[in-house]
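Asks: dropping a prediction and its sequence here:
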Amino acid sequence: MMGTNVRGDDRVRAGTVGGSMEEAAHIADLDADLPDSVEEVTADWMTSVLRASGAIAAGTTVSGIDSRPLDTREDIGGGLLSLLHRCVLRYEGGTGPASVVVKFPIDTPNTRALVEAFRVYVREVTFYRDVAARSQLRTPQVHAALIDPGGSRFCMVIEDLGHLRQVSSYQGLGWDDALVAIEALAAFHAGWHGSAELGALAEVFLPWTDPVYRFGMPQLFEAAWPAAKRHGGDVLPSDVERLGDGWGALLPAMIDRLSGTPTLCHGDWKPDNFFFDPKGEVTVIDAQISCVMNGAFDVGYFVSQGLQSQVRSGRGEELVRRYVDAMATHGVVLDAEEFLSDTRVAVALCLVYGFSLFAGFEQMRPGEQASARSLLQRCAAGCVEFGALAAVERLT
């Protein structure tokens, strides 16, 4: 049985940024049911989606669909917070995209509860509907973005970028790709830096000053950090374990430090979300944890977790300075030393990405467990290189 009828949008539509998250869920153009699983993605449903997005002509129909899941371990682009499927399409009466990616909520209970609490799916749908087309960021075409009023059930149909070059987060980026990524991040941040829209954006893309973080993160820390030490303690250097033990108490000071000079942050700026074309330009996916914060939040996450270890070693700070220089080319002048200090704090704050999923570690699939351990290890290595413990201890 199909889920509740929910009206969505054909690709990207402006006009709801600044409304409530519930209002953001009701942008109307595409009249289609909201499926709960890939089994409910029928040829007729896909035909209506692709016609509404302009991807196929009115006389063209989808005659068949062959789908397979994108696994978090085996496939670059597999997600920890969503279930993704590549759907290969057949047509009658015309042509259309050879394949698309269809995205649904994660089915792991603890992780599902986490993403619902932080309104993850509302953020992504709103980003593609209202923000992407107005940003200096290359993003895939979104054929449909459907979500229920409560924000827990959603489905997106996205352009398949699998033909482009990808580098997994397990491997990490080389230096040339890292430069492309950091300059793309600067262009994105500069477009929203100091924007009059940031207050409205913050109603959907929650800053960490929001009560959901102020009160929710300590609870997440208490549930997840002991499990992270239990299941991933072997990848935690002593300084990082010490940082983790005090992370909950240090959280307010870290948030306060990263609340100044905000912009719109992507929130998950990592290799798995990058697709490089033959010209070296990058298209970016996955805006589920976008937030209004100091740009150092994205930079700290990226430089501590997104590079090959031998590339980052001794050059992490250089990459931060390249970001500062790139921002200047877009008219945003930052104090390099102050921004570097902010980045070190961000690296410490982003340790949460490494330990948060461990609250549900025992319920995860093996591939998800391996991904969670790998992420924790990258976070820990970044904390060591950037002196994250010393940086946050100086805040107090």
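Replies: Sure thing, it's come through. Keep in mind it's a predicted model, so treat the numbers as computed, not measured.

Asks: quick one, helices of the stretch 251-396 of the chain?
Replies: 296-305, 309-312, 316-329, 336-349, 351-355, 366-385, 388-395 (DSSP state H, counting those that start in this stretch).

Asks: where among the ones you listed is the average confidence lowest?
Replies: Across the helices of the stretch 251-396 of the chain, helix 309-312 has the smallest mean pLDDT, namely a mean of 75.

Asks: that helix: how far from the chain's middle?
Replies: The chain centroid and the centroid of helix 309-312 are separated by 23 Å under CA atoms, centre = their mean, to the nearest Å.

Asks: go on, stretch 229-238?
Replies: Computed by CA atoms, centre = their mean, the chain-centroid distance of stretch 229-238 equals 25 Å.

Asks: can you check stretch 343-353 too?
Replies: For stretch 343-353, the separation from the chain centroid amounts to 16 Å (computed by CA atoms, centre = their mean).

Asks: residues in contact with that stretch?
Replies: Contact with stretch 343-353 is made by 208, 217, 220-221, 240, 243-244, 247, 250-251, 254-255, 257-258, 294, 296-297, 299-301, 303-305, 320, 375, 379-380, 382-383, 386-389, 391-392, 395, as judged by CB atoms under 8 Å, 6 or more residues apart in numbering. Placement of C-beta: from N, CA and C, glycine included.

Asks: just give the nearest non-adjacent residue to residue 209, would you?
Replies: Leaving aside its sequence neighbours, residue 209 sits nearest to residue 259 (CB to CB, 6 or more residues apart in numbering; 5.4 Å).

Asks: quick one, what contacts that neighbour?
Replies: 207, 208, 209, 293, 294 are the contacts of residue 259 under CB under 8 Å, 6+ apart.

Asks: again, only using 10 Å
Replies: Counting by CB atoms under 10 Å, 6 or more residues apart in numbering, residue 259 touches 207, 208, 209, 292, 293, 294, 297.

Asks: next, it: phi, psi?
Replies: Backbone torsions of residue 259, given as degrees, to the nearest 10, read phi -90, psi -10.

Asks: from residue 118, how far off is it?
Replies: 17 Å (CB to CB, to the nearest Å).

Asks: show me the shaky parts of this protein.
Replies: 1-32, 71-80 (pLDDT under 70).

Asks: which helix runs longest in it?
Replies: Of all the segments of type helix in the chain, defined by DSSP state H, the longest one is helix 211-232.

Asks: what is that one packed up against?
Replies: helix 109-117, helix 238-257, helix 351-355, helix 366-385 (3 or more CB pairs under 10 Å, 6 or more residues apart in numbering; DSSP states H and E).

Asks: pretty sure residue 324 contacts residue 332?
Replies: Yes - counting by CB atoms under 10 Å, residue 324 does reach residue 332; the two are 9.2 Å apart.

Asks: how about the helices in the stretch 1-150 of the chain?
Replies: 21-24, 43-53, 109-117, 120-126.

Asks: highest average neighbour count across these?
Replies: helix 120-126 (a mean of 26; mean count of other CB atoms under 10 Å).

Asks: so what's the residue count around residue 210?
Replies: Counted by other CB atoms under 10 Å, the residues lying close to residue 210 total 18.

Asks: what's the neighbour count on the closest residue to it other than its chain neighbours?
Replies: Spatially, and ignoring its direct neighbours in sequence, residue 210 is nearest to residue 202 (7.6 Å; CB to CB, 6+ apart). Around residue 202 sit 19 other residues, with neighbours defined as other CB under 10 Å.

Asks: would you mind measuring from residue 202 to residue 294?
Replies: Distance from residue 202 to residue 294, by CB to CB: 13 Å.

Asks: joint contacts of those two?
Replies: Counting by CB under 10 Å, 6+ apart, the residues touching both residue 202 and residue 294 are residue 262.

Asks: for the helices and strands packed on helix 211-232, which one sits closest to residue 180?
Replies: helix 366-385 (19.7 Å; CB to CB).

Asks: and that closest one, what's buried?
Replies: 368-369, 371-385 (16 or more other CB atoms under 10 Å).
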